[in-house]
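Q: requesting a structural model of the entry that follows:
(chains A and B, ligands or ions: 2)
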Amino acid sequence: MSILIKNGRLIDPANNIDDHLDLLLKDGLVAAVGKNLSVDADETIDADGKLVTPGLIDLHVHLRDPGQEYKEDIASGTAAAVAGGFTSVACMPNTQPVNDNLAVTKYILSRSEEVGRCRVFPVASITRGLKGENLTEMGELKQGGAVAFSDDGRPVENGEVMRRALEYARPFGAPIISHAEDLSLVGKGVMNDGFVATELGLKGIPWVAEDAMVARDVMLAEYTGGHMHIAHISTRGAVEIVRRAKERGVRVTCEATPHHFTLTEEAVRGYDTNAKMNPPLRTEADLEAVRRGLADGTIDAIATDHAPHHRDEKNVEFNIAMNGIVGLETALPLALALVRDGLVELNRMVALLTSGPAAVLGLEVGSLAAGRPADVTLIDPDCEWTLAADQLVSKSKNTPFGGWTLQGAAITTVVGGKIAWQRAGQQ
Amino acid sequence: MSFGHKHILGIEHLSREDIFQILDTAAGFKEINTRAIKKVPTLRGRTIINLFFEASTRTRTSFEIAGKRLSADTVNISASSSSVVKGETLEDTARNIEAMHPDIIVMRHGASGAPHYLAERLNCAIVNAGDGAHEHPSQALLDLFTIREKKGSLEGLKVAIVGDIAHSRVARSNLYALTRVGAEVRLAGPGTMVPPGIEKLGAEVHHDINDAIRDADVVMMLRIQLERQGKTLLPSLREFSRFYGLNQDNLKLARPDALVMHPGPMNRGVEIASSVADGPQNVILDQVENGVAVRMALLYLVAGGEAAEES
Ligand SMILES: [Zn+2]
Ligand SMILES: [Zn+2]
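A: Ligands and ions are numbered 1, 2, ... in the order given. Got it, this is the predicted structure:
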C-alpha cells in the first residue's frame, strides 16, 4: 500500500523543511521526500495549493473512556481527532477508573487499536486515584505504554509528592504534566478574578493561583532535574516564569490551548457556560503573553485540552456548570488565525502542532523523515467554513465557537499510511 | 409611554429614562397603599409566581403584597437553591413552571445569572429579585425612590455605600442606578470586600469609612453576612464594627440631614449601631414601605403597562 502526495507545500519543522516537495508513503512509513517523485503509487493525491505537514499531535485530550462514555469514548474522540487533522492524541488519566494502573493503560491502547482511527498515547496518573498521596507504578506504566504522568484536573498539592514524582519519573524518561493551580487561592472561583467577575457577581480565580503553582513546579524541576511540563498555561506571569526557567536551562516545557490564545474573560458575559473552563479565560494581557510565548518558543505545543461534557452538564447555572470545552475540531483553524494575523510564523505554528508536542512526550511521530510513521495532515489554509456545534464529530457539543466563521481546515488525515479521514467534498 | 423591557434582570440594562419611568409609576401606586381598600384591578387575571430558591421573607412578602394589591394571582414557590441536591435542574423547574402559564416570574436565586438563564428559555416576564452576588434591581429602585422622596432629587447627591461590596448584589445594583441618575457614589469596605475594578463602574473607592461618609447626603450600610465570618474575609465582627460600622460619631461627618439606609435585615451593633438604626436620620422603614410601591410598578410595567387604562 503506497500513497504519493504531490505538489503540496511540505512543512516539516522537525527536519527544517519548507518547500514544494512530493511525499511518498509506503507500508505505513515515510518512504521518500523529494522534488517531482515519479513512482507508481497505489494512490496519488494532488496537494496543489495545500499544506502537507506531519500528522498533528494533541498532547492533552480527555477521551472520557473508560467510565464516562456518555460524554465521549475512544471511538468518537479519535474520530473527532482525525476530523480536526490530528493523527496522535495523548489522553489524560482522569477516567473512571483512573488510569493509575496497567490494566487501564492496556485497555486504552487495545481499544484504540481496535477502533483504529488515530494513535492514542495514554498519560497515566502521578498518584493513585488522583489523590495526591502515593505515586503510581511509573516504571511498569511507562513500559506498558504510558508516555507521561499527570493528575490533570487537579494539582498535586503536596510539594514533597511532586518532588518525588519528578525524581522517580526521570530515569524512565517520562515528563510530569502539571495542572498548576493553588487550590487555596482558587477557592470557589468560577471565572478569572477581575472586573468582569466583579460585574457579573461571579467568584473569581486570581492569576496568582496559577503563577504560584507554576513557580513551585518549575523550581522543583530545577531542583530535581526532572522534566516538568506545564499544562494549559494561561497567565502572563506563568509564561514569564517558564521563559526565565528555560533561559537558565531548567527542563521545563509547556502547552497553551486555542481558547486561551483566542478568547478572553469577556466571553463569559451572558453567563455562557461554554466559556467556563479551568484555567479560566483570562485578560487581553494574558492572551497577548500566551501568543508571544507561542511565537518565541517559550511555549512548546498547542494542546486542545479537549474536554467533552454532556449538554446537561453545561445547561445549568454558571457556577455549577462543568469546566471545559471540546477542541479537537477547532484547534487548527484557530492556530491558522494566529498566522494570518501575523502573530506566529506558519512554520512555527506547524511545529507547535507536530514536532513540539512530539518532543515533549518523546514520540517518534511528528516528523516526515524517511522511515518515520506515515502520519500526514493535508491542510487547506484558506477555506472558509462556519462551525455548527451540532455537526461536531465529537459526542459532546460544548464549544464557544459555534456559529463562528473559521478559516482553514484539515482536508485529508493519513494515519500509518492509511487515509483516516477526508473532509466532505474532497477526495 | 410603554416600557421598553420584557424583563427586569438588572439595573445594568436600564437607562436613566427607564429608571425615572419606574420611579414615577411607583409614585402613582404609593397612594394605593394608604387607602382603606388597598387594591386595584390592574393585573386581574394575571398569574405571578414568586420563585424563591433562597429564603427571603422580606423581599418575597413585598413582591407578594405588590402583586395582590394589583389583583394578580400570586403563588409562592420555594425551592432549594442547589438543583443538584434537589435532583431537578433549573431547566426542569423552569419548564414545569412554564407549563402553568404564569405571566411573570419573580425570581430569587443564589447563583449569579440564574434569572438570565430563565429569561432565555421561558416566554413569560422575569423579574430578578436577587441573583447571587450580581444584582438586586428592585432593592436599588426602592432605595432611589426613597432618596428622591426625601431629598427631592437625585442629581448631584453624594451617596456612601459601606460594607461588603464584593458579595453584595445591593451594592452593584445601587451603583449602576445611582450613577445613571447623576448621583456621586463612594464605596467603602475592607480590602477583602472591595472587588477588583469596581471603580470602573463609576465609583470612588475608599477603605476608610470616614472618607466615604464625609459630607454624604446618604449613607447606605450593607448587611454583613455573618456566615461568611471566619472565612478569611474579616478578622472579627468586632474589628469590622470598629473600622467600618456606622455610629453616632462617624455619622457626624455626613451632612446633618443625611439619610441612613439599610437593605435589612440589620446586624445591630455590627454594621450599624442601634442608636443610629433607631435615630432620626434613618429611613429604613420608609425603604420597606416604598418597596411595595416600586414592586407594583415593576410588575405593572413588565406586564405590559396597558391594563391600567383598560380598567
Ligand atoms: Zn488541567
Ligand atoms: Zn485537561
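Q: which bits of the stretch 201-350 of chain A sit near ligand 1?
A: Residues of the stretch 201-350 of chain A lying close to ligand 1 (CB under 5 Å from the ion) are A:Ala231. For every residue, glycine as well, the C-beta is placed using N, CA and C.
Q: strands of the stretch 201-350 of chain A, residue ranges please.
A: Secondary structure of the stretch 201-350 of chain A (DSSP state E, counting those that start in this stretch): strands at A:204-205, A:228-230, A:252-256, A:301-302.
Q: B:Val218: which of these is closest?
A: Among those, strand A:204-205 comes nearest to B:Val218, with 29.1 Å by CB to CB.
Q: off-centre distance for the closest one?
A: Relative to the centre of its chain, strand A:204-205 is centred 24 Å away, using CA atoms, centre = their mean, to the nearest Å.
Q: partners of it, with directions?
A: Take DSSP bridges as the rule and strand A:204-205 pairs in its sheet with strand A:191-192 (parallel).
Q: what is the burial count for residue 159?
A: Let's take chain A. 13 (other CB atoms under 10 Å in any protein chain shown).
Q: switch to chain B, that's the one I care about
A: 28.
Q: cool, A:Asp296 as well?
A: If we define neighbours as other CB under 10 Å, then A:Asp296 has 12 of them.
Q: state the distance from it to ligand 2.
A: Relative to ligand 2, A:Asp296 is positioned 24 Å away (CB to the ion, to the nearest Å).
Q: any idea of the pLDDT on that residue?
A: For A:Asp296, the model assigns a pLDDT of 98.
Q: go on, B:Met1?
A: 68.
Q: what about B:Ile48, which SS state?
A: Secondary structure, DSSP: H, G, I helix; E, B strand; the rest coil: B:Ile48 is strand.
Q: ignore the last one, B:Val106
A: Assignment for B:Val106 (three-state DSSP): strand.
Q: just give me the residue closest to the centre of the chain.
A: In the absence of a named chain, this looks at chain A. A:Ala303 (2.1 Å; CA atoms, centre = their mean).
Q: wrong one, chain B
A: Geometric middle of chain B (CA atoms, centre = their mean) lands on B:Gln139, at 1.6 Å.
Q: wait, that residue touches B:Pro263, no?
A: Yes: proximity of B:Gln139 to B:Pro263 meets the contact threshold set by CB atoms under 8 Å, at 5.5 Å.
Q: and for those two, which residues touch both?
A: B:Val170 (CB atoms under 8 Å, 6 or more residues apart in numbering or on different chains).
Q: for the residue nearest to the centre of chain B, give me its contacts.
A: B:Gln139 neighbours (CB under 8 Å, 6+ apart): B:Thr59, B:Gly130, B:Arg169, B:Val170, B:Ser173, B:Asn174, B:Pro263, B:Gly291.
Q: so what pLDDT did the fourth one get?
A: Among the per-residue scores, B:Val170 shows a pLDDT of 97.
Q: please apply the same query to the fifth one.
A: With respect to pLDDT, B:Ser173 scores 98.
Q: now the closest residue to ligand 2 within the stretch 201-350 of chain A, what are its backbone angles?
A: Minimum separation of the stretch 201-350 of chain A from ligand 2 (CB to the ion) falls at A:Asp305, amounting to 4.3 Å. Dihedral pair for A:Asp305: phi 50, psi 40, per degrees, to the nearest 10.
Q: touching, it and A:Val61? I think so.
A: Yes: the pair A:Asp305 / A:Val61 is scored as a contact, 7.4 Å apart, by CB under 8 Å.
Q: all helices of chain A, in order?
A: Taking DSSP state H as the test, the helices found in chain A are A:74-83, A:102-115, A:138-143, A:159-169, A:183-186, A:195-200, A:207-224, A:236-247, A:258-262, A:284-296, A:311-314, A:331-340, A:346-353, A:355-361.
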